[in-house]
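Student: Sequence first, predicted coordinates after that:
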Amino acid sequence: MNALLRTEEVSKAFGGVQALSDASLEVAPGRITGLIGPNGSGKTTLFNVITGYERADSGHVYLDGKAITNFRPARVFGLGIGRTFQLTRIFPSLTVIENMLIAGHLKHRSRNPLAVSGGAAARHHAMGLLEFTGIAGHAGALAGTLSYGQRKLLELAYVLVADPDVVLLDEPAGGVNPSLINHIGDRIRELNAAGKTFLIVEHNMDFVMGLCHDITVLDSGTVVATGPPEQIRANPRVLDAYLGSETDDND
Amino acid sequence: MIASKVTATQVTAPRLRPAQLSRAGAIVAVLAALVAFPLVITNPAITNYGVLTLIFVAAAASWNIFSGYSGYISLGHAVFFGSGAYFTGIATKDWNLSGSAVFALLPLAGLVGAVLAVPFGLVALRVRRHTFVVITIAVFFVFQLMAYNLQSLTGGTSGLLGPTINFSPATFNNPFYYIALIIAVIVVALSFLIRRSRFGLQLRAIRDDEDRAAGLGVKVMPVKLSAFVISAVPTAMVGGLLWYYLGLIDPSSGFDPLFDVAVVLMAFLGGLGTVTGPVLGALLIEPARLYFQQQTTYIYLILYGALFLVVILVLPRGIIPTAAERISGWRARRKGSTGQVAASPAPAGPDAVTDRASEPA
């Protein structure tokens, strides 16, 4: 199987803390891959290494067979990996539609430096995505006035603007209410049905098990299991390392 | 795929015409009033207020193009102001210029500002927030010291005297007024165009979260530096204009820390990062400063400090954004029952989200 996104023995230490040690992960094209593990197991660090926000001490990251290890975030983004952040990173003093336009600014550029940002095509595209995620009604509002759940939806919409090949979602269901969790899950399924590849970090087990085709389990920076949800659920090592040892997994 | 979800949206349709028309009408009316001002009110004591106020309108609006949009608060724009003034003074002396010919130096003064802004920006823009502010202050003092010490060039403490200007005393202020007006109008128009452009959007994204903007492919250094250079040009030009108008420049008035304090205060009072805010701030503050300075020399300094406190405590976002919020809130309440604002797709859509309130830190 040819992985679209692959990490090969990635290691990363912060001072004396080994956040990742030889973490290898594969994300197959057209599938939804879950990345789970206890708090502090290195999930977000692995996201950061893949997307260039942290430098790996050793190991490699490949996108479609090409090494992208330690590329700058902008370059990784330009190559087709979009991501969201655990604590959303939207631009609070820009409006929702402006957030969308800044995320798509590389695609729609004009020769005239003073042309109004985002032509008709860019705005139409952005509005379509806002309707898709369900926050089109807030297009003119300042992003900073959105609720936490709406920010999650905005981040999902704006990571899609540039039409990345792989979408990395860091806790898309974290801290949002159950009906919205279902809403987000449905959107992801719909995008996936249209061919989009996902890698998702999530603590909500029902969400992950119901959504993902493949799951990779991290524990103390090392991959301890990989497989389909039913296998992971039954894997004693996973139960031991993660599910069994931790009852309160909503940080 | 997602396109199939797109229903017709009216975002791209032209906005309400009456609103646009009345805005255009208001702009024409204000411009006409500004052009007519020195012709109607010919008292030089009053038109003097007009000249100095317009100079500060241009300075505050150009400062805002960089600092207001990018969030990098520069306290070093007096470097451009003073350098523009000294360049105009030195060139006037060396090239024996007089009368209206001196005005032709102003574009060159702007160029001097731009040339200085490149190395200044390359150094200062490597750091952020407070560190950036401190570096701009440091560069400012370097320039002030140079003005004191490069005596052959700057005349040292005694400064540079302008040539005698033989304009008719009755209309002496008018050429200065109109040139200041032209610069101010161009800067405000440029500020408006930049704010709604892709470049302006990138600047404002940098203000909110520079690293995230960089991660989305915004070339942050070129964008910041361009804005810094653009904002230096008119600042240097009005510096040159002020020197010629006053007929004297020395290190303490050319490189004056109070210039930056005034410009920052104007932008904060009116609304940092808005097009009209710094203009409004300058229109309110500069005439008041001149008035108080004529009454008791230094009382305006105390008032500057007091006003700064009031703005930070009561109006932290400035007059324009606060007023805009009040008005739109009032409009929304008036609509209230008739039209729901939100369009939520699912029965329990995102609008129903009432969970954990936003983020820590």
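Tutor: Cool, got the structure. Given the structure is predicted, the values throughout are model-derived calculations rather than measurements.
Student: So which residues of chain A form strands?
Tutor: A:5-14, A:17-27, A:32-36, A:58-63, A:66-67, A:81-83, A:166-170, A:197-201, A:214-219, A:222-227 (DSSP state E).
Student: of all these, which lies closest to chain B?
Tutor: Proximity to chain B, assessed across the strands of chain A by CB to the nearest CB, is greatest for strand A:81-83 (8.3 Å). Using the backbone N, CA and C atoms, a C-beta is placed for each residue, glycine as well.
Student: Who are the packing partners of that closest one?
Tutor: Applying 3 or more CB pairs under 8 Å, 6 or more residues apart in numbering or on different chains; DSSP states H and E, one finds that strand A:81-83 contacts helix A:43-51, helix A:148-161, strand A:166-170.
Student: if you set the cut-off to 10 Å instead, what comes out?
Tutor: Counting contacts by 3 or more CB pairs under 10 Å, 6 or more residues apart in numbering or on different chains; DSSP states H and E, strand A:81-83 packs against helix A:43-51, helix A:73-79, helix A:148-161, strand A:166-170, strand A:197-201.
Student: Could you list the low-pLDDT ranges of chain A?
Tutor: Chain A contains residues with pLDDT under 70 at A:1, A:106-115, A:118, A:241-251.
Student: dump the residue contacts of B:Pro38.
Tutor: Counting by CB atoms under 10 Å, 6 or more residues apart in numbering or on different chains, B:Pro38 makes contact with B:44, B:46-47, B:50-51, B:171, B:173-178, B:181.
Student: Going by secondary structure, it is in what exactly?
Tutor: Per DSSP states H and E, B:Pro38 falls inside helix B:17-40.
Student: ok, the next helix-or-strand element following that helix near chain A or not?
Tutor: The helix or strand immediately downstream of helix B:17-40 is helix B:44-63, counting by DSSP H and E. No. Counting by CB under 10 Å from any CB of the partner chain, chain A has no neighbours in helix B:44-63; the shortest distance is 15.7 Å.
Student: Show me the contact partners of whatever helix or strand comes next after helix B:44-63.
Tutor: As assigned by DSSP H and E, the chain's next helix or strand after helix B:44-63 is helix B:69-70. Residues outside helix B:69-70 that contact it (CB under 10 Å, 6+ apart): B:125, B:132, B:191, B:194-195, B:199-207, B:210, B:220, B:223-224, B:227-228, B:231, B:272-275.
Student: Please pick the buried ones from these.
Tutor: The neighbour-count criterion (16 or more other CB atoms under 10 Å in any protein chain shown) marks B:125, B:132, B:191, B:194-195, B:199-207, B:210, B:220, B:223-224, B:227-228, B:231, B:272-275 among the contacts of helix B:69-70 as buried.
Student: in the stretch 101-250 of chain B, which spans are strands?
Tutor: Secondary structure of the stretch 101-250 of chain B (DSSP state E, counting those that start in this stretch): strands located at B:160-161, B:248-249.
Student: What strands flank the first one, and is each parallel or antiparallel?
Tutor: By that I understand strand B:160-161. Strand B:160-161 pairs in its sheet with strand B:248-249 (antiparallel), by DSSP bridges.
Student: How far off centre is the partner strand?
Tutor: 23 Å (CA atoms, centre = their mean, to the nearest Å).
Student: Mind giving me the packing neighbours of the helix or strand that that strand is followed by?
Tutor: Sequence order places helix B:251-254 as the next helix or strand after strand B:248-249, per DSSP H and E. Using 3+ CB pairs under 10 Å, 6+ apart, the elements in contact with helix B:251-254 are helix B:78-94, helix B:129-149, helix B:220-246.
Student: ok, of the contacts of B:Pro38, which one's closest to chain A?
Tutor: B:Leu181 (21.8 Å).
Student: burial count for the closest one?
Tutor: 21 (other CB atoms under 10 Å in any protein chain shown).
Student: got any ranges where chain B has weak pLDDT?
Tutor: Short version for chain B, where the test is pLDDT under 70: B:1-16, B:336-361.
Student: for the most centrally placed residue in it, what are its contacts?
Tutor: The centre of chain B sits closest to B:Ala61, judged by CA atoms, centre = their mean, with a distance of 2.1 Å. For B:Ala61, the contacting residues are B:68, B:183-192, B:231, B:234-235, B:263, B:266-267, B:270, B:275-279, B:281-282, by CB under 10 Å, 6+ apart.
Student: Among the buried ones among the contacts of helix B:69-70, which ones lie close to chain A?
Tutor: By CB under 10 Å from any CB, the members of the buried ones among the contacts of helix B:69-70 lying near chain A are B:Ile194, B:Arg195, B:Phe199, B:Gly200, B:Leu201, B:Gln202, B:Arg204, B:Ala205, B:Ile206, B:Arg207, B:Val220, B:Gly273.
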